[in-house]
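**Student:** Need a 3D model of the following:
(one chain, ligands or ions: 2)
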Amino acid sequence: MGADPTKVLCELAASPSRADRLVHLAPLPDRPADIAAWPEWVAPAVRSALAASGVRELWTHQVAAADHAYAGRHVVVSTGTASGKSLAYLLPALSTLVTADEPRGPRDRPPTVLYLAPTKALARDQLAAVEALAGDDMPGVRPAAVDGDNDREERAWARDHATWVLANPDICHRTILPGHERWARFFGGLQYVVIDECHHYRGVFGSHVAHVLRRLRRLAAHYGADPTFVMASATVSEPEVTAGRLIGLPVTPVAVDGSPRTGAHVALWEPPLLDGGHGPDGQIRRSATTEAAELMTDLVVAGIRTLVFVRSRRAAETVAATTGRRLEEVDASLSERVAAYRGGYLPEDRRAIEQALTSGELYGVAATNALELGIDISGLDAVISTGFPGTRAALWQQFGRAGRDRQDALGVFVARDDPLDSYLIRHPETILGRPVEATVIDPDNPYILGPHLAAAAAELPLTDADLDLFGPLAAEGVAALTSAGLLRRRPRGWFWIARQRASDLADIRSSGGRPVQIVHGETGRLLGTVDAATAPATVHEGAVYLHQGETWLVETLDLDDAVAVVRPDDPDYTTTARSLTEITVSSTERQQAWGAADLCFGTVAVTHQVVSYLRRKIGSGEVLGDEPLDLPPRTLETKAVWWTVSDDQLAASGLDRADLPGAAHAAEHASIGLLPLFATCDRWDIGGVSTARHPDTDRLSVFVYDGHPGGAGFAERGFRVAQDWLTATRETIRECGCLDGCPSCIQSPKCGNQNHPLDKSGAIRLLSVLLGGAPESPRSKDFG
Ligand SMILES: [Zn+2]
Ligand SMILES: [Zn+2]
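**Tutor:** Numbering: from 1, shown residues only. Ligands and ions are numbered 1, 2, ... in the order given. Predicted coordinates:
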């Protein structure tokens, strides 16, 4: 052990069989530790407990953030993984609890802290950390986790005695806020609200959480408290903007990382195009998972301790098994030293793997992206990220797992066969330079706002003064709930008068609609669920449905009861749904002229109907049949960004009329693939429609819309950064080495039209026509 991982990677890349795969290798600038003095207000007991745990010096960002919080200013600390962000809240929160006087009577409320994490597991980890620090020397610090695993006594103890409650937004929404009267002591003393990993609150989920926090603020104020919010975020663009939207208050950012780093490198790696070039869907690349397994094998053989992140449980198993087999061939003693680490394992199994990796017993682990948060592994030599994990913040968090003693770390990004990954490979600055992605939320979405207004009214009658807290659409939302008979206006405000629990109206983790349950017909076993919106495309009658590596065939889909019945089967074909999508413009809310072209943002209605499905032979891709389906259309009222070009522009461009549908369609696909670079969404969160002539605009038009009712902020972000986004889209298509389109540029796995028609060169010309009229400032302020 002890080899330099970057040197080893370069040796591997130098082999002729791997020519051109290491596309970019960059050292990260070394950074000395930037030390700051301990603030005078830190309680001596806290300082000595931290010293005993190994914290003897503080970095500047820790002190800056802690000082803001202690002074009562809402703060977000946005620095790298393992930069000790937790001290930003531990210092002020622990010091406050430690120095508080014991209560002198039942009305005297000692200070309390609420810590929120996006997952139960992370909150439990933090509980252990706070307990270890507090030991027996800090009687004022009485931590308790409040989550779905509590029994009745634990919950009661937390309500009556805890001064530090570790929870998640879900339990706040469902239990703590609706039952606030029993938590009066806790709310009355609330001094700090810590929101850890706050970049996880994005899109629809983030918008829900924003309202949970507004409800929390209102209740705290009701009990006489005015808590300070301390937020920790991965490095993102404009952290204070998103943090401010999340809590609805101005937030001070601390984003200059004072922690040290030396000898770290980042490598961008592209798997080769497969021999044979053109399959049924054009050229394809070797899968990133296969490539990662091969790299891990060679790194482990060279003594490099390696962690591979992949997308699915199944991929984690596959990578671990493949690597084990390959190692067996080289050195049988090594094959036992790799493992998979994925959801579904018991906590003790996971802890055992973590320990084996730290101790050096294990050399390689393949983990799922989903576990990134709960994973307690550091000090590895190399981290391989297989495909973009969805956000740049997540990518850096994965890379941050590498580096013993903050030295000689290697992060390798292995590109998948899609437009976003191929853009990143050719534009290393988007990974290595300043972040362009912003965490996007939209608390003003009426579909999200409404249920939280109901929940708030059930907690405490809503008054006119409360409406400001919930944003400009709150009055309208209250009126709608009142006319629906759910709220009633009385002199003291609007009261919840329905019988059901108001908090049941909002499912904060779901994107709307009752999810469709997938049930094994013979046994009645529930296999899983799919979103109501995607069910017609994924679990229609006759669909082949994959679930954790097993193949099932859908017998019936009942949308009214939200149930799909399946049976195990192993057909020699796959299925893909064909659909029709229409879009109508309800209102244009913003518009920019780009020369003769137009860029718009507004409200649209998208009507989507799955009309048939294709069966294709596995392997050859040969079409075996096109089966009609009788499914109802679904209409989605949402937000969209769209652009149009004029007939004169098209005539002058030399684009052939017949090529326009394919050009627009290809530009639409690629732009959907690239939007996640700028807005923290998944390509599955958004949809698109393109047409050579749209009835509402009377021009060639390309729409990209939010796939959630009322919108989630993605299209709006697309409008704001349209020039950079569409420039990146054009570059991705232009730079792709394929002949006339492939999954790395213009083909989309979610196309309802079988990727037809698509015109690669037409798309480049069309985007050039559009961008030719774009305003002068070539780059928005947060792009480079
Ligand atoms: Zn291509
Ligand atoms: Zn399409």
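**Student:** The residue in the stretch 51-200 of the chain that ligand 1 sits nearest to: neighbour count?
**Tutor:** In the stretch 51-200 of the chain, the residue that lies nearest ligand 1 is His199 (30.8 Å; Cβ to the ion). C-betas here are computed from N, CA, C, even on glycine. Neighbour count for His199, taken as other Cβ atoms under 10 Å: 28.
**Student:** Those residues of the stretch 651-784 of the chain touching ligand 1, which are they?
**Tutor:** 736, 738, 742, 744-745 (Cβ under 5 Å from the ion).
**Student:** Selection in PyMOL covering whichever of those residues are buried, please.
**Tutor:** Buried residues among those (16 or more other Cβ atoms under 10 Å), as a PyMOL selection:
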select buried, resi 736+738+742+744+745
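**Student:** what about Pro139, neighbour count?
**Tutor:** 11.
**Student:** which SS class is it?
**Tutor:** At Pro139 the chain is in coil, as set by DSSP: H, G, I helix; E, B strand; the rest coil.
**Student:** Distance check, it against Val130.
**Tutor:** In this structure, Pro139 and Val130 are 14 Å apart, going by Cβ to Cβ, to the nearest Å.
**Student:** Identify the residue spatially nearest to the closest residue to ligand 1 within the stretch 401-550 of the chain, adjacent ones excluded.
**Tutor:** Residue nearest to ligand 1 within the stretch 401-550 of the chain: Ser422 (7.4 Å; Cβ to the ion). Nearest residue to Ser422 in three dimensions, chain neighbours excluded: Ser744, at 4.0 Å (Cβ to Cβ, 6 or more residues apart in numbering).
**Student:** these two touch, right, that neighbour and Cys738?
**Tutor:** Yes - at 6.9 Å, Ser744 counts as touching Cys738 under the criterion of Cβ atoms under 8 Å.
**Student:** a markdown table for the residues of the stretch 651-784 of the chain next to ligand 1, including pLDDT?
**Tutor:** Converted to a markdown table, those look like this (pLDDT from 0 to 100):
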| residue | pLDDT |
| --- | --- |
| Cys736 | 90 |
| Cys738 | 87 |
| Cys742 | 89 |
| Ser744 | 90 |
| Cys745 | 93 |
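**Student:** Cross the residues of the stretch 651-784 of the chain next to ligand 1 against strands and list the overlap.
**Tutor:** Counting by DSSP state E, none of the members of these fall within strands.
**Student:** which strands and helices sit next to the helix ranked longest in the chain?
**Tutor:** Using DSSP state H, we find that the single longest helix of the chain is helix 203-222. Judged by 3 or more Cβ pairs under 8 Å, 6 or more residues apart in numbering; DSSP states H and E, helix 203-222 is in contact with helix 169-171, helix 184-188, strand 190-195, helix 239-247, helix 446-459.
**Student:** Sort out which residues of that helix are buried, please.
**Tutor:** Result for helix 203-222 [16+ other Cβ under 10 Å]: buried residues 203-220.
**Student:** again, but for stretch 129-142
**Tutor:** Buried residues in stretch 129-142 (16+ other Cβ under 10 Å): 130, 133-134, 138, 140-142.
**Student:** repeat for stretch 626-639
**Tutor:** 629, 631, 634, 636, 638-639.
**Student:** avg pLDDT for that stretch?
**Tutor:** Averaged across stretch 626-639, the pLDDT comes to 93.
**Student:** Contacts for that stretch, please.
**Tutor:** 533, 536, 540-542, 557, 559, 577-578, 586, 601-615, 705-711, 715-716 (Cβ atoms under 8 Å, 6 or more residues apart in numbering).
**Student:** ok, back up a step: I'd like the residues of the stretch 651-784 of the chain next to ligand 1 written out as a markdown table, with distance to Leu660 added.
**Tutor:** As requested, these are exported to a markdown table (distance: Cβ to Cβ, whole Å):
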| residue | distance to Leu660 |
| --- | --- |
| Cys736 | 21 |
| Cys738 | 21 |
| Cys742 | 21 |
| Ser744 | 23 |
| Cys745 | 18 |
